[in-house]
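Undergrad: can't give you the sequence, but here's the structure:
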């Protein structure tokens, strides 16, 4: 059994709402131990012995079946979140503006060629591949950035700001003790 972070894509945006009490209840009903939510943006922490891919599939299927919500799940364990934090190429920016640095979690490894994103980076954004993620620094914030709406190379992903990434890793570390 190990703690896992479960991150949903595209919930509580654009009218696709998921109440956090429903989210915790659904996770408990699916057999995950000690489900907790973090913020109201589709972040949860659970205890499970199942492989990450199985958890992703199980959560997505349960959301569709029980709540009629089509959403992809991305699962990370403590080691993966720690690797994401350690490999951050924008450490100075993360210290200065953690809410403007995003980790876009992907299903597989990030492609090394991110040149298709360059045309969308019109406000000084910087980006780089990481372990199972893309890092994107938004100096002007993501709200008006064309890059924020671009499809990431490497398939669909789900973005979390640096504060959230660190909070998830801290919570998994607490549960792993």
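TA: Sure thing, it's come through. All values derive from a computational prediction rather than experimental measurement.

Undergrad: so which residues of this protein form strands?
TA: Along the chain, the segments classed as strands by DSSP state E run 2-8, 33-38, 43-48, 73-77, 101-106, 126-130, 133-137, 157-161.

Undergrad: just the angle for the fifth one relative to strand 126-130, thanks.
TA: If I follow you right, that is strand 101-106. If you take axes from the mean of the first three to the mean of the last three C-alpha atoms, to 10 degrees, strand 101-106 sits at 40 degrees to strand 126-130.

Undergrad: then the last one?
TA: Orientation of strand 157-161 against strand 126-130 (the same axes, to 10 degrees) gives an angle of 120 degrees.

Undergrad: and for the third one?
TA: Counting by the same axes, to 10 degrees, strand 43-48 lies at 10 degrees to strand 126-130.

Undergrad: and the strands of the chain as a markdown table, adding mean pLDDT and mean neighbour count?
TA: In this view, the C-beta of every residue, glycine as well, is placed from N, C-alpha and C. Formatted as a markdown table, the strands of the chain follow (pLDDT from 0 to 100; neighbours: other C-beta atoms under 10 Å):
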| stretch | mean pLDDT | mean neighbour count |
| --- | --- | --- |
| strand 2-8 | 95 | 23 |
| strand 33-38 | 90 | 16 |
| strand 43-48 | 94 | 22 |
| strand 73-77 | 96 | 22 |
| strand 101-106 | 96 | 25 |
| strand 126-130 | 96 | 19 |
| strand 133-137 | 97 | 24 |
| strand 157-161 | 94 | 23 |
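
Undergrad: need those strands in CSV (columns: distance to residue 171).
TA: Converted to CSV, the strands of the chain look like this (distance: least, C-beta to C-beta, whole Å):
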stretch, distance to residue 171
strand 2-8, 8
strand 33-38, 7
strand 43-48, 5
strand 73-77, 12
strand 101-106, 16
strand 126-130, 20
strand 133-137, 18
strand 157-161, 13
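
Undergrad: wait, which of these is closest to residue 175?
TA: Residue 175 lies closest, by C-beta to C-beta, to one member of the strands of the chain: strand 2-8, at 3.8 Å.

Undergrad: got a list of contacts for that closest one?
TA: Strand 2-8 has contacts (C-beta atoms under 8 Å, 6 or more residues apart in numbering) with 18, 27, 42-49, 52, 55-56, 59, 63, 71-78, 81, 105, 158, 160, 168, 171-172, 175-176.

Undergrad: same check, this time on stretch 99-119
TA: Under the criterion C-beta under 8 Å, 6+ apart, residues 7, 56, 74, 76, 84, 88, 90, 93-94, 127-139, 141-142, 147, 150, 152-163, 165 lie in contact with stretch 99-119.

Undergrad: thanks a lot, catch you later.
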